[in-house]
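1. 3D model of this:
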Amino acid sequence: MVTVAEVIDEAQDALNGCLNELRQDSEYYEACVSFDIHKTRVPEQNRDISAAVGWSRLYLDSLVARIKITGFRTQGMVDYDERLMDWWDVNNLDQEANVLLLEMLIHGRAFVTISEPMQEDIDYGHPADVPIIRIESPRNMWVDIDPRTKRVNWAVRFFYTPYECPHPLGPGANIADQRFTVYLPNETILASENDDGGYTIIQRIRHNLGFVPVVPFLNRERASDRYGRSEIIPELRSLQDIATRVVLNMQTAADLMAVPQRILFGVDKDAIAMFEDNAARYKAYMASILAFEDGEGASATQFSAAELSNYTGVLQELSRIASSYTGLPPQYLSFNSQNPSSADAIRSAETRLVKLCEIKGEMFGKAMVQVMQLASRMMLGSIPEEYRRLKAILADPSTPTYAAKADAATKLVGGKPVIPVKRARIDMGYTPEERAQMEVWDEQEADEMMAAMMGRPSSSVRFQLPAAQDEQSGSTEETGVP
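-> Predicted coordinates:
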């Protein structure tokens, strides 16, 4: 049996070995990849300029915006499971799930930890019967995954108290302040590192669950790589690097040659000076002037301004190639100047992106189901039988308009209904609370309609029958059923 020190050392070695790769993933997403500008042909006076192309961020943010879990449903259930949705809401997973998904796409993996609320959490306001579900970045956590069962053998989270760098194990970290949380199948251990390189166990929490309360979320997993890969593929990184250099060169050309360059013949360069008395002062803004003294009289001319369309043409071609790798529609990368002819054209352009979101969403939803199953086992003592066939419900990743959804639902319900009204309301995207309120209104509407038909007064003007008019007296009186 391995010791706590061996687990921490192995996790630290594994995490140190991939930190450079993880930092590169973040740099490409943040569009802050740097290259040696001195190796380019940029003039010395223009080497303080910078450029950035954020295609990776655009791509990943587009995926995150379309993948959304709306609830969990067990086999045979029509509505969402209320208990799991309560856990979801208390842990603010509507927002945290987006952060988790983004981490998974950037680095190829992210993690979720599950724990019971402690007394201090309950005092702070966390419900005692709701588990604590937290996301963890792969930059401060390492998980050992069994290659056969794909279960977590153990996990270690690194943190500093306080930390002196933005990311654990990064430059400037004070190792003496480093602490660890070691997750094992039957206990969770809080430890700290000593000055001599040893470890001191601060606290042991025995839960005897028989499993590690950590769930990995993996992206682009392969049979030979169970730790996932970044969605920012090498092809996209190469295109982003090339596009950045093109933008840098275009900025340099615009700075040097976009404005016509002036040439003065027969003028001493010392004559073009900034005199204090303003007598022979010549002011030039956004201009480069060449002066030649030839002694044959003064004359002036200028070169034509440089054309920058060759740079924009290269950027358009690069964006088309990026679109072929990512599936982003043309309007996302702005290389199509013409508006789509119809809504069908927009949906057709988004086909690949929508299909990719469905695949990623299914993968993300299965991992989140595992989180809820382990959380139920922790809080309820065992996984309920109905939760063994739990399924995450994903929102439609396509972009139909609200009018189109309403029109489709009306056609399915009106005339000869194909589906019930309740199913149409689910397809429209109404929440369980909104649907419950609509059912109450349906019952009230039915009662008011029946009251109007029986001749009883109705509170709704909609179901008040018209008053009958006495032809002789000209007076009106309320009537019952006509």
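
2. any idea how far the residue most central in space within the chain is from D396?
-> Among the residues of the chain, the one closest to the centroid is V64, at 3.5 Å (C-alpha atoms, centre = their mean). Going from V64 to D396 by C-beta to C-beta, to the nearest Å gives 15 Å. Backbone N, C-alpha and C define where each C-beta goes, glycine included.

3. what ranges do the strands span in the stretch 201-350 of the chain?
-> 214-218, 262-265, 289-292, 299-302 (DSSP state E, counting those that start in this stretch).

4. Going by mean pLDDT, which of those strands comes out lowest?
-> Lowest mean pLDDT of those: strand 289-292, a mean of 63.

5. check contacts around the residue nearest to the centre of the chain.
-> By C-beta atoms under 8 Å, 6 or more residues apart in numbering, V64 lies in contact with 98, 101-102, 105.

6. just D81 next, same as before
-> Taking C-beta under 8 Å, 6+ apart, we find D81 in contact with 71-74, 390.

7. Neighbour count added to those, as a markdown table?
-> A markdown table is the format used below for the contacts of D81 (neighbours: other C-beta atoms under 10 Å):
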| residue | neighbour count |
| --- | --- |
| G71 | 18 |
| F72 | 24 |
| R73 | 17 |
| T74 | 16 |
| L390 | 23 |
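
8. Filter those residues down to the ones in strands?
-> Among these, DSSP state E puts 71-73 in strands.

9. ok, those residues vs L190, which is closest?
-> Comparing the ones in strands among the contacts of D81 against L190 with C-beta to C-beta places F72 closest, at 31.4 Å.

10. ok, now how distant is the closest residue to that closest one other than its chain neighbours from L101?
-> With sequence-adjacent residues excluded and distances taken as C-beta to C-beta, 6 or more residues apart in numbering, F72 is closest to L84, at 4.5 Å. From L84 across to L101, the span is 18 Å (C-beta to C-beta).

11. D25 now?
-> D25 is 15 Å from L101, where distance means C-beta to C-beta.

12. Could you give the average pLDDT over the host helix or strand of A409?
-> Here A409 sits within helix 402-413, counting by DSSP states H and E. Taken as a whole, helix 402-413 carries a mean pLDDT of 70.

13. Surely P260 touches S304?
-> Yes. At 6.5 Å, P260 counts as touching S304 under the criterion of C-beta atoms under 8 Å.

14. Who has more neighbours out of the two?
-> It is P260, of P260 and S304, that has more neighbours when counted by other C-beta atoms under 10 Å, with 14 against 8.

15. what's across from the residue lying closest to that one once chain neighbours are set aside in the sheet?
-> Closest residue to P260 apart from its sequence neighbours, by C-beta to C-beta, 6+ apart: Q302 at 4.4 Å. Q302 has these beta-bridge partners by DSSP bridges: R262.

16. separation between the residue nearest to the centre of the chain and K391?
-> From V64 across to K391, the span is 21 Å (C-beta to C-beta).

17. same check, this time on Y29
-> Taking C-beta to C-beta as the measure, Y29 falls 31 Å from K391.

18. who has more neighbours, these two?
-> Between Y29 and K391, counted using other C-beta under 10 Å, the more crowded position is Y29 (22 against 14).

19. rewinding a little: okay, the ones in strands among the contacts of D81 in CSV with distance to I189 and pLDDT next?
-> Below are the ones in strands among the contacts of D81 laid out as CSV (distance: C-beta to C-beta, whole Å; pLDDT from 0 to 100):
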residue, distance to I189, pLDDT
G71, 35, 90
F72, 31, 93
R73, 37, 89
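
20. And these, which is closest to L308?
-> Closest approach to L308 among the ones in strands among the contacts of D81 (C-beta to C-beta): G71, at 51.1 Å.

21. Hmm, that closest one is touching R83, no?
-> No. Taking C-beta under 8 Å as the definition, G71 is not a contact partner of R83, at 11.4 Å.
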